[in-house]
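**Q** Here is my input; please provide its structure:
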Amino acid sequence: MHTMLKSAAIALGLVLAACSSSDDDKSDGSGRVSFTTWGEDYIEKEIPQADVTDGWTIHYNEFLVTIRNIKVADGAGAVGAEMKESKLFDMTTAGVKSVVTFANVAAKAWEHVSYEIAPATADTLIGAGTDADKQLMVQGGYSIYVDAVATKGAVTKKYTWGFKTVTLYDRCKGELSGKDTDGVVVTNGGTDEPQLTIHGDHLYYDDLQAKEAKVRFGNIADADKDNDGTITLDELSKVKLAAIPKENGPYGTGSAAGINDLGAFVTGLSRTIGHFRGEGECFSSAK
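**A** Model (predicted):
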């Protein structure tokens, strides 16, 4: 459940371009593309103790995400459909949520699908959530905001984290009809329903790039040095990665530069929450 980062995805993009077929560019009629989003059980319910390496249970009260700039294009770069505005979603709202539906899209393979997670603005629409949620996001300049509680035995830690990152999720691919597929495929009179899936467990990974990253919370909990039961991003920024014992890590940063503390690390992880069609992945990069 790990989003591909820049170095791996550049090579992948070259392979995909080389493998594209001219037949994919042929159009016969038109159909629809209906984008949805979902936070899976990890956001709607909880991340259970069994799925966290060091035995914590994590529950989200709110998980706000602003999605914008959904684009459907073909291998040559021609745009078939585009949503330029942004929409705010509280991913703790139960069920799959509609983002946008494009009608009369030419029936063919559209291999290049991308979207962004970016800060909310006054023009942001509410897809799932409240006016208060939007006000919080706009005032904070947030693209992602989480209000959560983690428990282990009798210990409880609360935290509200807001991230101002702008992330492009590009060249998305995922499983369609049992086959790993680039972008979307529109058939005459049909509807493709790609899902922009948000992975709430990624905020606790112990590696920014490795697919075998583990979910762990203990080091985050230990950052609460004043023992007030609340963990802030400022407290995380005071925890140097080099000071974390190896048995409690590792905290791998791969090719990412300038990430030396736990606050910067978690912020980096916030760029990896976006997926495609469930476990499908995109080439994610900062904007």
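**Q** What separation is there between the residue lying closest to Thr191 once chain neighbours are set aside and Glu193?
**A** Nearest-residue entry for Thr191: Arg32, 4.2 Å, with adjacent residues in sequence omitted and distances by CB to CB, 6 or more residues apart in numbering. Glycine gets a C-beta too; all of them are placed from N, C-alpha and C. From Arg32 over to Glu193 the distance is 9 Å, taken as CB to CB, to the nearest Å.
**Q** Secondary structure element holding the spatially closest residue to His275 that is not a sequence neighbour?
**A** With CB to CB, 6+ apart as the measure, Thr197 is the residue that lies nearest to His275, at 4.3 Å, once sequence neighbours are left out. Using DSSP states H and E, Thr197 sits within strand 195-197.
**Q** Provide the partner residues of the closest residue to Leu136 other than its chain neighbours in its beta bridges.
**A** Across the structure, with CB to CB, 6+ apart as the measure, the residue nearest Leu136 apart from its sequence neighbours is Tyr145 (6.6 Å). Note on Tyr145: beta-bridge partners Leu64, Gly162, judged by DSSP bridges.
**Q** mind listing what Tyr145 touches?
**A** Contacts were defined as CB atoms under 8 Å, 6 or more residues apart in numbering; by that measure Tyr145 touches 62-64, 136-137, 160-163.
**Q** rerun that using 7 Å as the cut-off
**A** By CB atoms under 7 Å, 6 or more residues apart in numbering, the contact set of Tyr145 is 62, 64, 136-137, 162.
**Q** Strands of the stretch 51-200 of the chain, start to end?
**A** Counting by DSSP state E, counting those that start in this stretch, one finds strands in the stretch 51-200 of the chain at the ranges 57-73, 79-90, 97-106, 109-110, 112-117, 125-128, 144-152, 155-163, 167-176, 179-182, 184-185, 191-192, 195-197.
**Q** Take those strands and write them to JSON lines, including mean pLDDT and distance to Cys282.
**A** Formatted as JSON lines, the entries for those read as follows, by pLDDT from 0 to 100; distance: least, CB to CB, whole Å:
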{"stretch": "strand 57-73", "mean pLDDT": "98", "distance to Cys282": "12"}
{"stretch": "strand 79-90", "mean pLDDT": "98", "distance to Cys282": "16"}
{"stretch": "strand 97-106", "mean pLDDT": "98", "distance to Cys282": "15"}
{"stretch": "strand 109-110", "mean pLDDT": "98", "distance to Cys282": "15"}
{"stretch": "strand 112-117", "mean pLDDT": "98", "distance to Cys282": "7"}
{"stretch": "strand 125-128", "mean pLDDT": "98", "distance to Cys282": "20"}
{"stretch": "strand 144-152", "mean pLDDT": "98", "distance to Cys282": "16"}
{"stretch": "strand 155-163", "mean pLDDT": "98", "distance to Cys282": "18"}
{"stretch": "strand 167-176", "mean pLDDT": "98", "distance to Cys282": "4"}
{"stretch": "strand 179-182", "mean pLDDT": "97", "distance to Cys282": "11"}
{"stretch": "strand 184-185", "mean pLDDT": "98", "distance to Cys282": "13"}
{"stretch": "strand 191-192", "mean pLDDT": "98", "distance to Cys282": "16"}
{"stretch": "strand 195-197", "mean pLDDT": "98", "distance to Cys282": "9"}
